[in-house]
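*Asks:* Quick one, structure for this:
(chains A and B)
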Amino acid sequence: QKEVEQDPGPLSVPEGAIVSLNCTYSNSAFQYFMWYRQYSRKGPELLMYTYSSGNKEDGRFTAQVDKSSKYISLFIRDSQPSDSATYLCAMSVLNQGGKLIFGQGTELSVKP
Amino acid sequence: GAVVSQHPSRVICKSGTSVKIECRSLDFQATTMFWYRQFPKKSLMLMATSNEGSKATYEQGVEKDKFLINHASLTLSTLTVTSAHPEDSSFYICSARDRLAGALSTDTQYFGPGTRLTVL
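*Replies:* Predicted coordinates:
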């Protein structure tokens, strides 16, 4: 079993839809959770990070962490074609040299 | 802020040659830089962790004599693919961790744009 599982998609939605991206994990020591967005042939871009259970909102993006269920989500409201990219969840154990464990990435396509 | 650059962005080389990729943190000092490899439609695979002034730590299965890493300063790390072969063709991405980041963000990594290596 991989430490971090993420549905690779692809996921296709119409413009304006609410998108839900999810990851599950098995290591209860993970304390730090991140979402990265990666456009084709580019490096990943940090979208959001959080270290506690609950919700964190930034514009159209909401990151949700449920440590009891070992489950994290990224919600995108009013999705736009420019949101079309691969979204990677990543997590780490604090004070372990900063090593990140990535999910497989979910490919999202938002159709106009 | 938190910009990481990589050079070159693309390189094509003949089998048997060595290729050097540079990773620079442009507006912050990075105590730690990471090198990843990514195959098409796959996630990032950590190759090694590079700390300024010390030897790199390689992940299991990564040949340290094949992938030489040097982290000579707080803003520069280099990855040299020695005696490259077609199977080394991939997208190589570096990331850097900000030395002055607060305690709760010490695991935030900022990624470079990547280098696409093609070995003929």
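*Asks:* Contacts only, for whichever residue of chain B sits closest to chain A.
*Replies:* Closest contact between chain B and chain A, by CB to the nearest CB, is at B:Phe111 (3.9 Å). Where C-beta positions appear, they are placed from N, C-alpha and C, glycine not excepted. The neighbourhood of B:Phe111, defined by CB atoms under 8 Å, 6 or more residues apart in numbering or on different chains, consists of A:Tyr36, A:Gly43, A:Pro44, A:Glu45, A:Leu46, B:Val4, B:Ile93, B:Cys94, B:Ser95.
*Asks:* With the flanking residues excluded, which residue is spatially nearest to the fourth one?
*Replies:* Distance criterion CB to CB, 6 or more residues apart in numbering or on different chains; nearest residue to A:Glu45, sequence neighbours excluded, is A:Arg37 at 5.1 Å.
*Asks:* Name every strand pairing with the host helix or strand of the one you found and say which way it goes.
*Replies:* For A:Arg37, the element it lies in under DSSP states H and E is strand A:32-38. Counting by DSSP bridges, the strands paired with strand A:32-38 are strand A:45-50 (antiparallel), strand A:85-92 (antiparallel).
*Asks:* Most tightly packed of these?
*Replies:* Among these, ranked by average contacts under mean count of other CB atoms under 10 Å in any protein chain shown, first place goes to strand A:85-92 (a mean of 24).
*Asks:* Only alpha carbons, please: show that strand as PDB.
*Replies:* Listed next in PDB are the C-alpha coordinates belonging to strand A:85-92 (Å, rounded to 0.1, in the frame of the first residue of the first chain):
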ATOM      1  CA  ALA A  85      -3.700  21.200 -14.700                       C
ATOM      2  CA  THR A  86      -2.500  18.300 -12.600                       C
ATOM      3  CA  TYR A  87      -3.000  18.700  -8.900                       C
ATOM      4  CA  LEU A  88      -0.700  16.900  -6.500                       C
ATOM      5  CA  CYS A  89      -1.200  16.400  -2.800                       C
ATOM      6  CA  ALA A  90       1.900  16.200  -0.600                       C
ATOM      7  CA  MET A  91       2.500  15.600   3.000                       C
ATOM      8  CA  SER A  92       5.400  15.300   5.500                       C
END
